[in-house]
Structures are given as C-alpha cells and as structure tokens.
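**Student:** got a predicted structure here, sequence first:
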Amino acid sequence: MLRIGLTGGIGSGKTTVSKKFQTLFNIPVIDADEINRDLLTRERSAYTEIVAAFGHAILTHNGDIDRRLLRQQIFSDSQSRHTLEAILHPRIRAEISRQMSTLTSPYVLVVVPLLVELNMQDQFDRILVISTDVRHQVTRVSERDACSQQDVSKIIASQIKPAQRIQHADDVIENNGDLTRLDQQIQDLHEKYMVLST
Ligand code: ADP
C-alpha cells in the first residue's frame with residue numbers, strides 16, 4: 001500500500017482535500033490531529049506522562065487536559081514544546097503505523113499538519129503538500145473559525161514558511177481557486193497514485 005503523507009498550513013485545505021479523496025474514491029484517511037486528541041484523553045498513558053511533566057495546573061476542573069492551556073504553554077516555551085513532543089510523537093507515529101497496518105487499499109492518505117516540522121517524512125512513500133496563498137488561508141480560516149484575521153495571521157507566521165514545506169513535496173495541490181479546480185487536481189492525483197500503487 002502506497003503511503004501518502006498530506007500536509008499544509010492552517011486553512012490550506014487539508015480537511016477539504018482528504019474528504020474529497022475519501023468520498024470520490026473511497027480512499028482511507030488517517031488523521032494525526034485526531035490521534036493527537038485521543039492521546040490526551042484520560043485512559044491513555046500519554047495523559048499520565050503529560051500531567052507528571054506539566055503538573056495538575058494543566059487540567060480543567062473535571063480532570064481533562066486543558067488543550068488550550070497546553071497549546072499556550074508550548075507556544076511560549078520551547079522547552080515545554082520539546083517535552084510534549086517527546087511524549088506524544090513516538091505514540092503518534094506508532095498509532096499511524098498501527099492504523100495503516102489494518103487497511104487494505106491501493107493507497108492511504110495520512111493528514112499530518114506538522115509533518116515537515118516534526119520530520120516525519122520517513123514514514124511515507126510520498127509527500128503531498130497543499131499550497132495556498134496566505135490571503136486565502138486568512139479569509140477562509142477566519143470564516144471557518146469565526147476568529148479575527150489578525151489571529152489567523154499570527155498562527156500562519158508561527159508555522160514554517162511555505163517555501164520550506166514545498167521543498168519536501170513529491171506532489172502539490174494548489175488551492176487558490178474554486179472547489180471545481182480542486183476536484184480536477186484530485187482526480188489527476190488519484191490516477192497517478194493508482195498507477196504508482198500497482
Ligand atoms: P485545513 O484542514 O488545512 O485547516 P480546511 O480544509 O478546513 O483547511 O479549509 C479551510 C476552510 O476553507 C474551510 O472552511 C473550507 O471549507 C474552505 N475551503 C477550502 N478550500 C476551498 C476552496 N478551494 N474554495 C473555497 N473554500 C475553501
């Protein structure tokens with residue numbers, strides 16, 4: 001099975017694109033963000049390690065990890081970010097591998113927003129990058145999340161530069177047009193991946 005790692009900046013269209021592969025061609029999608037969220041729940045061993053490393057102050061009043069607080073902390077302190085990464089990333093990698101091993105499909109898409117930042121290229125056969133102009137990212141995300149354009153710009157500024165991300169791309173989807181334009185590119189890529197997977 002061909003393993004495609006799909007990445008791109010916030011609001012570049014990762015969810016939109018992966019859903020289209022799923023609905024148009026029945027291609028399985030693994031979502032690293034979902035795995036990440038699941039790892040923070042109380043039943044998981046990562047929970048215990050995070051509470052041990054960050055203290056009970058990281059918990060909400062009902063004992064869940066306060067993801068917003070955790071995000072704020074790692075945003076402002078790189079040591080905290082490294083600590084959290086050391087806890088989560090081996091587990092995310094392992095869970096991606098486990099989920100892939102259960103699939104029978106010519107290829108699989110694995111959506112990993114921080115794929116390049118976390119150096120996860122080796123887990124995939126090809127890297128698909130969604131490339132979207134910053135102005136589209138800003139308007140689309142501020143509408144999607146009902147937040148200010150300034151907030152979106154700040155998040156974009158904190159992510160790696162698009163030129164750096166694209167250096168790792170085997171394939172690129174350009175998402176600056178309408179959704180029909182996106183469908184054409186997805187159709188072309190699907191055909192390419194079907195050939196490559198045989
Ligand atoms: P990501 O998962 O990369 O953060 P999304 O797929 O959620 O990005 O896309 C961000 C927002 O932009 C969503 O509301 C989505 O519906 C919208 N969107 C994505 N691509 C297009 C497009 N080509 N035209 C119009 N809206 C789009």
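**Tutor:** Thanks, I have it. Numbering: from 1, shown residues only.
**Student:** distance check, E95 against A46.
**Tutor:** Using CB to CB, to the nearest Å, E95 is found at 10 Å from A46. Quick note: C-beta positions are derived from backbone N, CA and C, even for glycine.
**Student:** quick check: neighbours shared by those two?
**Tutor:** By CB atoms under 8 Å, 6 or more residues apart in numbering, E95 and A46 have these common neighbours: L39.
**Student:** need the per-residue pLDDT for the residue of the chain most remote from its centre.
**Tutor:** Distance from the C-alpha centroid of the chain, by CA atoms, centre = their mean, peaks at H61 (28.6 Å). On pLDDT, H61 comes in at 96.
**Student:** which of the helices or strands spans it?
**Tutor:** For H61, there is no helix or strand it lies in under DSSP states H and E.
**Student:** quick one, phi/psi of it?
**Tutor:** phi -60, psi -20 (degrees, to the nearest 10).
**Student:** show me which residues of the chain are close to the ligand?
**Tutor:** Residues of the chain lying close to the ligand by CB under 6 Å from any ligand atom are 8, 10-16, 140-141, 144, 175, 178-179, 182.
**Student:** hmm, which of those are the buried ones?
**Tutor:** Neighbour counting with 16 or more other CB atoms under 10 Å marks G8, I10, G11, S12, G13, K14, T16, R140, V141, N175, L182 as buried within those.
**Student:** find the nearest non-adjacent residue to the second one, please.
**Tutor:** With CB to CB, 6 or more residues apart in numbering as the measure, I155 is the residue that lies nearest to I10, at 5.3 Å, once sequence neighbours are left out.
**Student:** same check, this time on Y107
**Tutor:** Y107 sits nearest to L2 (CB to CB, 6+ apart), 3.8 Å away.
**Student:** need the contact list for the one you found.
**Tutor:** Going by CB under 8 Å, 6+ apart, L2 touches P106, Y107, V108, D125, R126, Y193, L196, S197.
**Student:** for the ligand, see how far away the fifth one is.
**Tutor:** Using CB to the nearest ligand atom, to the nearest Å, R126 is found at 18 Å from the ligand.
**Student:** phi, psi of the nearest residue to that residue once chain neighbours are set aside?
**Tutor:** Of all residues not flanking R126 in the chain, D170 sits nearest, at 4.2 Å (CB to CB, 6+ apart). Backbone torsions of D170, given as degrees, to the nearest 10, read phi -90, psi -30.
**Student:** pretty sure D170 sits against L128.
**Tutor:** Yes. The pair D170 and L128 qualifies as a contact (CB atoms under 8 Å) at a distance of 7.1 Å.
**Student:** name the residue in those two with the higher neighbour count.
**Tutor:** Neighbour count, other CB atoms under 10 Å: between D170 and L128, L128 has more, with 25 against 14.
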